[in-house]
Structure formats: structure tokens, C-alpha cells
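> turn this into a structure:
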Amino acid sequence: MERDYHTLLFTVEDDLLVDGGAGGNVSRWINHSCDPNCTSVIEDRRIYIDSIRDIQPGEEITFDYQMITQDRLTPAVKRRFPCRCGAAGCRGTLLKKKR
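Predicted structure coming up:
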């Protein structure tokens, strides 16, 4: 059976994860993009979404999830976290870029 890799939690600190499905607000519907128009900012253990450019009326709000996995970043692992954002520079995965 294929494992579901799309239960997404937001890491605030090592000891604090936010589960948007448990009493979260509308921000839980913000999608990922490899060319986002917003970024997440954490202050005092709270998450804020700040725009990084002008957002046009009707445009979807997005940020880069930058997910981290403990697995070695093989092509198979990247395929478990696919990105379909459609950006010109899409990296094909929700996982954070290697530095």
C-alpha cells in the first residue's frame, strides 16, 4: 500500500508543530509554489504570511513549503513529494532545495 505523504504540518520550532486541519484558519489553504508571492515569517511562536511582491486581484496566494525529509534526496524520494505549481523554474518537488 502506498504511504500518504501529504499530511502537511507547519514546523514553528523544534517542539511546536501547527496542524492546520485541527482548528486552523483559512491560511491552511495556501498552496505551494516554486515561484511564490508570499513567505512565511515566524515571530514569538506565531506564523505570519507576508507578501514578497504585489499580488493581483484574483491571484492565488502561495508560498514555498520547503519541506524537509530525513531521507536521502534521491529521485524516488523527490517523486513522493511532487510539485505541480507550473512555475517556469519549478523544481518538481515540495522539498527544500539542497544548499
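
> check contacts around the closest residue to residue 38 other than its chain neighbours.
The shortest distance from residue 38 to any residue other than its chain neighbours is 4.5 Å, reached at residue 63 (C-beta to C-beta, 6 or more residues apart in numbering). Yep, even glycine has a C-beta here, placed from its N, CA and C like the rest. Taking C-beta atoms under 8 Å, 6 or more residues apart in numbering as the definition of contact, the neighbours of residue 63 are 30, 32-33, 36-40, 49.

> 6 Å instead?
Taking C-beta atoms under 6 Å, 6 or more residues apart in numbering as the definition of contact, the neighbours of residue 63 are 36, 38-40.

> give me the neighbour count for residue 89.
Residue crowding around residue 89 was assessed by other C-beta atoms under 10 Å; the count is 7.

> which SSE is it in?
Using DSSP states H and E, no element contains residue 89; it sits outside every helix and strand.
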